[in-house]
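Trainee: fold the following.
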Amino acid sequence: MPAFSFAPIDLTGAQPLISGGDRHVFQHPGDPHLLIKVLDREAREIYERKRRLRRWYRRFRRASEHRVFMDEITEYIAAASQAPSPMPLARILGVAETTQGLGMLVEKISDGQGGLAPTLTAVVREQGLTPALRAQLDALFDSLAAAHIIVNDVSGGNIVVGSNAQGRQGMYLVDGFGNKQAVPFYAMSKRLNARRLQRKYQELLDELQRHTGRVAGFAAGQGAVPAGTRAEATQSSGRPQRSTRQ
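Mentor: Okay, here's the model as predicted:
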């Protein structure tokens, strides 16, 4: 086993596997099961340039734009310390210096052939939301609610369908989690968080329906979030009810 090195991970010339929002995601050069997320500073600057208050507030944040790493790591620790394994998230191993700035080391959810697992949006566009996929989605939201995980952006692009580093197949949330509320109501109350997840579930179903004209499994009573999470996700008509984002 090679000795651990504190030298920055060399990403010179490396092409990101995927870029989106304000981040680039690279394959870890020394471990096929790890990814490195680094901030896209240019995209971040463009985003904050349009928001003067946020830019002013950032001056007083010691972690600056890397606060997003802190939010996700804090949420992961809170969930991992209470929730039983396996986690419904791509696991976080920590942070490391790279030649492109500070990076966050995360578990790679793969397609079983070494590539990145496809997003839920991509899978639904290809085959529709089949009963099998719907069951996996239900299980994911069950796990998120049970683990009291705070989620902000539950889009089809932040959920992937594949295998974790141990070969466990399923759906995993890879982005969009962590408390961002000034007053952490959802962190303080598991019940409030479950109700919020119910609304997020409804919104996700609506999003997936827009992505394909052949979404399956929307019959009444098919796939329901238990105990206030998915129970009201569909109406008797089978169409998910739109709700207001938090």
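Trainee: from residue 178, how far off is the residue nearest to residue 148 when sequence neighbours are not counted?
Mentor: On the basis of Cβ to Cβ, 6 or more residues apart in numbering, the spatially nearest residue to residue 148 that is not a chain neighbour turns out to be residue 190, at 4.7 Å. All C-beta spots, glycine's among them, are computed from the backbone N, C-alpha and C. Using Cβ to Cβ, to the nearest Å, we find residue 190 at a distance of 16 Å from residue 178.
Trainee: mind listing what's buried along the strand or helix carrying residue 134?
Mentor: Using DSSP states H and E, residue 134 maps to helix 131-146. Of all the residues in helix 131-146, those buried under the rule 16 or more other Cβ atoms under 10 Å are 133-134, 136-138, 140-146.
Trainee: and which of those is nearest residue 97?
Mentor: Of all the buried residues of helix 131-146, the one sitting nearest residue 97 is residue 144; the distance, using Cβ to Cβ, is 31.5 Å.
Trainee: from what I can see that closest one touches residue 137, true?
Mentor: No: here residue 144 does not reach residue 137: they are 10.7 Å apart, not a contact under Cβ atoms under 8 Å.
Trainee: OK, contacts around the residue positioned nearest the centre of the chain?
Mentor: In the chain, the residue lying closest to the centroid (Cα atoms, centre = their mean) is residue 175, at 2.5 Å. Neighbour list for residue 175: 21, 153, 158 [criterion: Cβ atoms under 8 Å, 6 or more residues apart in numbering].
Trainee: got it, and residue 115?
Mentor: Contacts for residue 115 (Cβ under 8 Å, 6+ apart) come out as none.
Trainee: could you do residue 179 as well?
Mentor: Contacts were defined as Cβ under 8 Å, 6+ apart; by that measure residue 179 touches 71, 74-75, 150, 186-187.
Trainee: identify those among those residues that sit within strands.
Mentor: Where the contacts of residue 179 are compared with strands, as defined by DSSP state E, there is no overlap at all.
Trainee: between those residues, which is closest to residue 94?
Mentor: Residue 94 lies nearest to residue 74 out of the contacts of residue 179, by Cβ to Cβ, at 12.9 Å.
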